[in-house]
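Asks: Okay, predicted coordinates and the sequence, questions at the end:
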Amino acid sequence: PGVVSRGYGAKAPQYPLVLNDDTPTQHCGDEPKLIHRRTGAPVAVDPVRANAVKALVELDVDIIITDDGLQHYALERDVELVIVDGNRRFGNECLIPLGPLREGVERLQEVDFIITNGGLAHQGEISMSLAPSKAINLKTKQQVDVSELKALVAFAGIGHPPRFFNTLESMNADVKVTKGFADHQDFDQKELEALALQGANVIMTEKDAVKCCDYAQDNWWYLPVSAQFEPKDAERILNRIKEVKATYG
């Protein structure tokens, strides 16, 4: 399998860009970089997603996952998955800018799987949770329990930073300061270094870590999370993908 992305907020010297271990985050974007680093899967970035797909096809990739591609109707698709925030759900159910949605909730009737991240899954939805592991040091790769790190300064540049802070709280982390940034925000090194002075250790998301690993200090850590499914639900999703793949011979 391979992944294609627009590379939101990034600027590559040329497109399509197929990531390798040394691709700078500013060339590909934080999420493509994280996906490649965590999975080792081929990842191609191009503002025109079809060109990214063509780049992966040349690598003999047999399954292509489009990151954040539900509304990109220029690309045909075989299986559609939607992830719903199980706690916030759909807000006022209005479209942007009056609400949080890109499409009406009736669109969910057309997708193959609705996956609920946290909260309570509704009828017909698949429950998923993000399970944190040990904190990892950005420089040394040392792993420790978050609860062992004292006087933490926690920051997150994700879609909903409080989710990260709540996770830390549930792990009995000694958090002294929290700071939320916009999703995909380019960090200012001096700002982060000043923020770090407010505590003994810094903790961030893994997505944020790929953007500041070049200037990380000895006391900077990130918290990886992994998606957890019931085995039967994971099997349902994989079987559907296998069924579609089989139709292509």
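Replies: Looks like it came in fine. Numbers count the residues shown, from 1 in each chain.

Asks: So for Gln185, what's the pLDDT?
Replies: According to the prediction, Gln185 has pLDDT 88.

Asks: for Tyr8, same thing?
Replies: At Tyr8, pLDDT is 88.

Asks: now swap in Leu168 and tell me
Replies: Reported pLDDT for Leu168: 98.

Asks: Which positions within stretch 182-201 qualify as buried?
Replies: 183-184, 187, 192, 195-196, 199, 201 (16 or more other CB atoms under 10 Å). Glycine gets a C-beta too; all of them are placed from N, C-alpha and C.

Asks: Please, which helix or strand holds the residue positioned nearest the centre of the chain?
Replies: Nearest residue to the geometric centre of the chain (CA atoms, centre = their mean): Glu31, 5.6 Å. Per DSSP states H and E, Glu31 falls inside helix 30-39.

Asks: How about Arg163?
Replies: Remark: Arg163 resides in helix 161-170, with elements defined by DSSP H and E.

Asks: What is that helix packed up against?
Replies: Contact here means 3 or more CB pairs under 8 Å, 6 or more residues apart in numbering; DSSP states H and E; on that basis helix 161-170 packs against strand 152-156, strand 175-180, strand 220-223.

Asks: Throw the ones you listed into CSV and include mean pLDDT, thanks.
Replies: Compiled in CSV, those are given as follows (pLDDT from 0 to 100):
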stretch, mean pLDDT
strand 152-156, 98
strand 175-180, 98
strand 220-223, 98
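
Asks: can I get these in JSON lines with distance to Ala41 and mean neighbour count?
Replies: Formatted as JSON lines, those follow (distance: least, CB to CB, whole Å; neighbours: other CB atoms under 10 Å):
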{"stretch": "strand 152-156", "distance to Ala41": "24", "mean neighbour count": "24"}
{"stretch": "strand 175-180", "distance to Ala41": "29", "mean neighbour count": "16"}
{"stretch": "strand 220-223", "distance to Ala41": "20", "mean neighbour count": "22"}
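
Asks: which of the buried residues of stretch 182-201 lies closest to Gln14?
Replies: Within the buried residues of stretch 182-201, the smallest distance to Gln14 is 21.4 Å, found for His184 (CB to CB).

Asks: quick check: angle from the helix holding Arg163 to strand 152-156?
Replies: Taking axes from the mean of the first three to the mean of the last three CA atoms, to 10 degrees, one finds helix 161-170 and strand 152-156 inclined to each other by 150 degrees.

Asks: who's in contact with the longest helix along the chain?
Replies: The single longest helix within the chain, with elements called by DSSP state H, is helix 231-247. Taking contacts as CB atoms under 8 Å, 6 or more residues apart in numbering, the residues outside helix 231-247 that touch it are 62-63, 78-79, 81, 112-113, 126-127, 229.

Asks: Identify the farthest-apart pair in the residues you listed.
Replies: The widest separation within the contacts of helix 231-247 (CB to CB) is 28.5 Å, between Asp62 and Ser127.

Asks: between the two, who's got more neighbours?
Replies: Ser127 (17 against 10; other CB atoms under 10 Å).

Asks: ok but the more buried one is inside a helix, no?
Replies: No: applying DSSP: H, G, I helix; E, B strand; the rest coil, one finds Ser127 to be strand, outside a helix.
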